[in-house]
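Chemist: Dropping a prediction and its sequence here:
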Amino acid sequence: MKKNLDEKLIQKIMSSHIPAPMCIVSRSGKIVGANEHMDQVFLYGDLQDADFFQLTGIKTSELEGVPEGERIIIERNGKKFSVVADDETLEDDSLIVFFNDVTVYEDLKDRYEAERILVARINVDNYDEFTDAVSPETGASVSGTVERIIRDWAGEIGGTVNKLRDTLYSIYFHGSKLQELIDNKFAILDEVRSIETGADFPLTLSMGIGVGGKDIVETNEFATGALDLALSRGGDQAIVRNKGDLQYFGGRLQSVEKGSKGKSRMIGQALWKLIQQSNRVMIMGHQMADMDAMGAALGIYRMCLACETESYLVIDTIAESMEPIYRQLRNAQEYNFMNTEKALSEIRKDTLLVIVDTNRPSYLEAPELLEKAEKIVVIDHHRRGEDAIENPTLAYIETYASSASELVTELLEYTVERKNVTRLEAEALLAGITLDTNRFAVKTGVRTFEAAAWLRRAGADTTEVKKYFQQKEETFLLKAKALASAEFQGKGIATAILEGENPGAQVINAQVADDLLNIKGVRASFVAGKNEEGLTFVSARSLGEINVQIILEKLGGGGHLNTAGAQTQISPRETLEKIMEIIREGEKK
């Protein structure tokens, strides 16, 4: 045990000829000594026994272990001070705390931040679909209104506008305006969305803001990258990129379904060539694969068979609900399976790795394969996250799509003869679409039904598909108990907890969340429960008024505006409490 400081040592330290304000803070957070220069920081005199936290707003624990390159700054008496602690000089646990006057430096830094040039890249979303849906006169009128709004907005922030093409603008403005835009949550998004277009969907904007580049070229690259991310997340949002940090705003609307399948044809042909050029293909979905991941994986496997390319499905564990189809696949003896261990030993430089139904490494069945694969393809319908797989050889991430199975079905239409798709594969793909659309009730567009019709013609039996969703008696009772425990939090939000630890927690949570939306007045539902390993899964559903994807992103999850999920290490009840806290914080802003 270290001894307490005595009065003589305190006086000796305080009477030293250090010109900076300085004090000693005890283990209890009390000031036990202060030198004469402390009056530069605080106007009042005697600081003896004063509470350090009340004076500065800083806990003593925050002063220890401050990361390199970071500083604690306080503003007092019209000046700015950097607060630094020395915890090694004294024999006990007390701290010597120095207050360095950095007013000139901080003012210069603020001036630099205010005067530096930022870049905004703005894209008008849904433009091609809009011009196809309205008359030329209406199209010209609405397009003119959008351009006027963008130019007026640029004028308000003192920016200069460059129109790069009909749908793309670049704006340069000073950093002093950024906080104002953030405080207003980029209100221009709402203004454009509210325009009456004459079509059955609105025009929206996607925006990327570049901040903090070492020069204007790098700042422009930040803006372009942020815009690409906004578009890949479905549009109708602004993303601010300050070096490695990202801030998201907007994202209220569901992505508009693209009328043309031209991109599907192009991606299908590109993937076909990649498969043909590879000696081996490994196909992988997310952990605890569901019907959408399995269906999409089987669709890609069929493409590989058509190319006569050796291929493998990488699967370690499956959910209980997946056992019937997994058993059928094994019995068919037509499909090659690998676990993670074998895949890591078998993967080669010329191996093509195809990832379906996720774009996040942390969700993968075997994320280690990413480091060994030189050619990676990503096919997904979820919004792209900050930690998305970087630089894939080919990416097909379309947030308008109902499911990965819908996307893969369209790829099959342009690459494989329908008669070569087996009934089992067609039913797995249809089951994937059925799952992610909650039986065609949500996120279902014209192309979703077209994909389902193609699979039906390929032999998919809807009765057999329905069997994939049959439940065991104990599962049904668990669902009923969770529904009976539902709590209604007000403002149309319902929550429920799946008790105990259940192998099928992820699937049961989703089904309970779907069922809660059937209750009149419920606009969004959140259901949490643990799997057999003690990991908490949470499923969220919405009728569209509440963006559950943005809420669950704050827990490390993701998804869509009306369908999202996440995993946490805390209990189900704590998870739901955290979600309600996030919702309340969002309402305050």
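Modeler: Structure's in. What do you need?

Chemist: Pick out the residue nearest the middle of this structure.
Modeler: With distances taken as CA atoms, centre = their mean, residue 385 lies nearest the centre of the chain, 3.7 Å away.

Chemist: Was I right to think that one contacts residue 361?
Modeler: No - Residue 385 is not in contact with residue 361 according to CB atoms under 8 Å; the separation is 10.0 Å. Heads up, the C-betas are built off the backbone N, CA and C, glycines and all.

Chemist: just the strands in the stretch 351-500 of the chain please.
Modeler: 351-356, 375-380, 394-397, 487-490, 493-501 (DSSP state E, counting those that start in this stretch).

Chemist: Could you list every helix and strand that the longest one packs against?
Modeler: Read it as strand 493-501. helix 473-484, strand 487-490, helix 505-516, strand 524-530, helix 572-588 (3 or more CB pairs under 8 Å, 6 or more residues apart in numbering; DSSP states H and E).

Chemist: Show me what counts as buried in the last one.
Modeler: Buried positions in helix 572-588, judged by neighbour count with 16 or more other CB atoms under 10 Å: 572, 575-576, 578-580, 582-583.

Chemist: Tell me the one among the residues you listed nearest to residue 212.
Modeler: Checking the buried residues of helix 572-588 against residue 212 with CB to CB, the nearest one is residue 582 at 26.9 Å.

Chemist: Break down the stretch 101-250 of the chain into its helices, ranges please.
Modeler: Here the stretch 101-250 of the chain has its helices, by DSSP state H, counting those that start in this stretch, at 103-115, 127-133, 136-156, 178-183, 188-193, 216-232.

Chemist: Restricting to C-alpha, output the second one in PDB.
Modeler: Same thing as helix 127-133. Provided in PDB are the C-alpha atoms of helix 127-133 (Å, rounded to 0.1, in the frame of the first residue of the first chain):
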ATOM      1  CA  TYR A 127     -33.600   9.200 -62.300                       C
ATOM      2  CA  ASP A 128     -33.800   6.600 -65.100                       C
ATOM      3  CA  GLU A 129     -36.900   5.000 -63.600                       C
ATOM      4  CA  PHE A 130     -38.500   8.400 -63.100                       C
ATOM      5  CA  THR A 131     -38.000   9.600 -66.700                       C
ATOM      6  CA  ASP A 132     -39.400   6.300 -68.000                       C
ATOM      7  CA  ALA A 133     -42.500   6.700 -65.800                       C
END
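
Chemist: I'd like to know which elements that helix is packed against.
Modeler: Using 3+ CB pairs under 8 Å, 6+ apart: helix 127-133 touches helix 136-156.

Chemist: I'd like to check what contacts the helix it packs on. Which residues are they?
Modeler: 122, 124, 127, 130-131, 134, 160-161, 163, 166, 169, 171, 173, 188, 191-192, 195, 197-198, 203, 205 (CB atoms under 8 Å, 6 or more residues apart in numbering).

Chemist: What of stretch 236-245?
Modeler: Outside stretch 236-245, the residues touching it (CB under 8 Å, 6+ apart) are 125, 178, 182, 186, 189, 193, 204-213, 222-223, 225-227, 229-230, 233, 246-253.

Chemist: Quick check: end-to-end length of stretch 285-294?
Modeler: This stretch, stretch 285-294, spans 7 Å end to end (CA to CA, to the nearest Å).

Chemist: Quick one: mean pLDDT over it.
Modeler: Here stretch 285-294 scores 90 as its mean pLDDT.

Chemist: Check stretch 240-252 too.
Modeler: Averaged over stretch 240-252, pLDDT sits at 82.

Chemist: could I get the strands of the stretch 351-500 of the chain as a markdown table with mean neighbour count and distance to residue 269?
Modeler: Listed next are the strands of the stretch 351-500 of the chain as a markdown table, based on neighbours: other CB atoms under 10 Å; distance: least, CB to CB, whole Å:
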| stretch | mean neighbour count | distance to residue 269 |
| --- | --- | --- |
| strand 351-356 | 28 | 15 |
| strand 375-380 | 23 | 13 |
| strand 394-397 | 20 | 11 |
| strand 487-490 | 12 | 49 |
| strand 493-501 | 20 | 44 |
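
Chemist: of all those strands, which lies closest to residue 40?
Modeler: Among those, strand 487-490 comes nearest to residue 40, with 50.1 Å by CB to CB.

Chemist: Output the closest one as PDB, nothing but the C-alphas.
Modeler: The C-alpha trace of strand 487-490 is given here as PDB (Å, rounded to 0.1, in the frame of the first residue of the first chain):
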ATOM      1  CA  GLU A 487     -44.500  -5.400 -24.100                       C
ATOM      2  CA  PHE A 488     -45.900  -2.400 -25.900                       C
ATOM      3  CA  GLN A 489     -43.600   0.600 -25.400                       C
ATOM      4  CA  GLY A 490     -45.800   3.300 -26.900                       C
END
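
Chemist: distance of residue 339 from residue 503?
Modeler: Residue 339 is 18 Å from residue 503, where distance means CB to CB, to the nearest Å.

Chemist: Same check on residue 475?
Modeler: Distance from residue 475 to residue 503, by CB to CB: 10 Å.

Chemist: Return every residue with contacts to both of these two.
Modeler: By CB under 8 Å, 6+ apart, the residues touching both residue 475 and residue 503 are residue 320.

Chemist: wait, is residue 323 part of a helix?
Modeler: Yes - judged by DSSP: H, G, I helix; E, B strand; the rest coil, residue 323 forms part of a helix.

Chemist: in terms of contact, does residue 114 touch residue 174 like I think?
Modeler: Yes - using CB under 8 Å, residue 114 makes contact with residue 174 at a distance of 6.5 Å.

Chemist: in the stretch 301-450 of the chain, which spans are helices?
Modeler: Assigned by DSSP H, counting those that start in this stretch, the helices in the stretch 301-450 of the chain fall at 323-332, 340-346, 369-372, 404-413, 423-436, 446-457.

Chemist: Can you name the residues that contact the residue nearest to the centre of the chain?
Modeler: Counting by CB under 8 Å, 6+ apart, residue 385 touches 359-360, 553, 558.

Chemist: returning to that earlier point: nearest to residue 529, out of the helices of the stretch 301-450 of the chain?
Modeler: helix 423-436 (18.0 Å).

Chemist: Mind checking the pLDDT average for that closest one?
Modeler: On average, helix 423-436 scores 95.

Chemist: Look up how far residue 199 lies from the nearest residue in space to residue 131 that is not next to it in sequence.
Modeler: Distances taken as CB to CB, 6 or more residues apart in numbering put residue 139 closest to residue 131, at 4.8 Å, once the chain neighbours are dropped. Plainly put, residue 139 is 9 Å away from residue 199 if you go by CB to CB.

Chemist: Quickly list what's touching both of the two.
Modeler: Residues touching both residue 139 and residue 199 by CB under 8 Å, 6+ apart: residue 130.

Chemist: so where's the chain uncertain?
Modeler: Residue ranges of the chain with pLDDT under 70: 1-8, 15-16, 87-92, 251-260, 588-589.

Chemist: hang on, the earlier thing: buried ones only from the contacts of stretch 236-245, please, as a PyMOL command.
Modeler: The following PyMOL line selects those of the contacts of stretch 236-245 that are buried, judged by 16+ other CB under 10 Å:
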select buried, resi 125+178+186+189+193+204+205+206+207+208+209+210+211+212+213+222+223+225+226+227+229+230+233+248+249+250+251+252+253
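
Chemist: circling back: single out the most deeply packed of the helices of the stretch 301-450 of the chain.
Modeler: Of all these, helix 404-413 carries the top mean neighbour count, a mean of 28, counting by mean count of other CB atoms under 10 Å.

Chemist: which strands and helices sit next to that helix?
Modeler: Checking 3+ CB pairs under 8 Å, 6+ apart, helix 404-413 ends up next to helix 262-276, helix 291-306, strand 375-380, helix 423-436, helix 446-457.
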